[in-house]
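Visitor: Mind folding the following:
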Amino acid sequence: MKGVIFNLLEGFITDGWGEETYDAILSRCPLHTKEPFIGPGTYPDADLFAIVGKTTEKLGIPVADALHAFGKYCFPRLAERFPVFVQGHTHPKSFLKTIDTVIHVEVRKLFKGAVTPRITFVDPGPDALVLRYESTRKVCALMTGLLAGAGEYFATPMSWDETQCTSHGADACEFHISFPATAR
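Guide: Below is the predicted model:
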């Protein structure tokens, strides 16, 4: 996992619960990484999951809720750090359709060793999108948070149903997303 995600997770925890809480969580984590996490670095997924696990344990919140909130927190900050990825988009649908073929391609160029999820889509009509999320990390709750963050960022109401999920044995998560006709 790239350091930028660890940096965002640190910001999420410190913005919400303070630096002392983050330090207390880190002190309880069995991390493989001993040095500070830096944006372009690559770190074990296990370290991220350890931090998330200890955070949810300390705060008494379900992992899925925490990952969703974290994804929602991440979207505007990623858009700010990498504005080129959102430029030219005025609606979440057009943006979402570029994740795998533009954004993840560029992420793999910018951050050597980045392992991105595979995100494909079917476009059934102007007010809908079917998004398929395939990842060995199986953090679909993070994906739903990113979806919520995209809707807020583009000021466009959207809703989705997760019709299949890796946590229920599917090989990928599938989201049927709806956009109100008036938002176009």
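
Visitor: So which helix or strand of this structure has the lowest pLDDT on average?
Guide: Every helix and strand of the chain was ranked by mean pLDDT, DSSP states H and E. The lowest is helix 104-110, at a mean of 85.

Visitor: So which residues make contact with it?
Guide: 2, 40, 84-85, 114, 116-117, 119 (C-beta atoms under 8 Å, 6 or more residues apart in numbering). The way it works is simple: take the backbone N, C-alpha and C, and place the C-beta from them, glycine included.

Visitor: what do you get if the cut-off is 7 Å, keeping everything else the same?
Guide: Contacts made with helix 104-110 from outside it, assessed by C-beta atoms under 7 Å, 6 or more residues apart in numbering, are listed as 114, 116.

Visitor: Sketch out the low-pLDDT regions of the protein for me.
Guide: Within the chain, the ranges that satisfy pLDDT under 70 run 181-184.

Visitor: Break down it into its helices, ranges please.
Guide: With DSSP state H applied, the chain shows helices at 3-17, 19-27, 45-59, 63-81, 92-96, 104-110, 140-153, listed in chain order.

Visitor: Residue 94 is in contact with residue 179, correct?
Guide: No - using C-beta atoms under 7 Å as the test, residue 179 is too far from residue 94 to be in contact (10.6 Å).

Visitor: who has more neighbours, these two?
Guide: Of the pair residue 179 and residue 94, residue 179 is the one with more neighbours under other C-beta atoms under 10 Å, namely 22 against 12.

Visitor: contacting residues around the more buried one?
Guide: Applying C-beta under 7 Å, 6+ apart to residue 179 gives the contacts 93, 127, 156, 158.

Visitor: Which positions in the least confident helix or strand of the chain come out as buried?
Guide: 104, 107 (16 or more other C-beta atoms under 10 Å).

Visitor: residues in contact with the residue lying closest to residue 4 once chain neighbours are set aside?
Guide: Using C-beta to C-beta, 6 or more residues apart in numbering and skipping the chain neighbours, the partner closest in space to residue 4 is residue 39 (4.5 Å). Contacts here follow C-beta under 7 Å, 6+ apart; on that basis residue 39 touches 3-4, 7.

Visitor: Return the member of those nearest to residue 13.
Guide: Among the contacts of residue 39, residue 7 lies closest to residue 13 (C-beta to C-beta), at 11.1 Å.

Visitor: Pull the number of nearby residues for that closest one.
Guide: If we define neighbours as other C-beta under 10 Å, then residue 7 has 17 of them.

Visitor: how near is the nearest residue to residue 14 once chain neighbours are set aside to residue 146?
Guide: Taking C-beta to C-beta, 6+ apart as the measure, residue 14 lies nearest to residue 22, with 4.9 Å between them; neighbours along the chain are not counted. Applying C-beta to C-beta, to the nearest Å, one obtains 22 Å for the distance of residue 22 from residue 146.

Visitor: likewise residue 115?
Guide: Using C-beta to C-beta, one gets 17 Å for the distance from residue 115 to residue 146.
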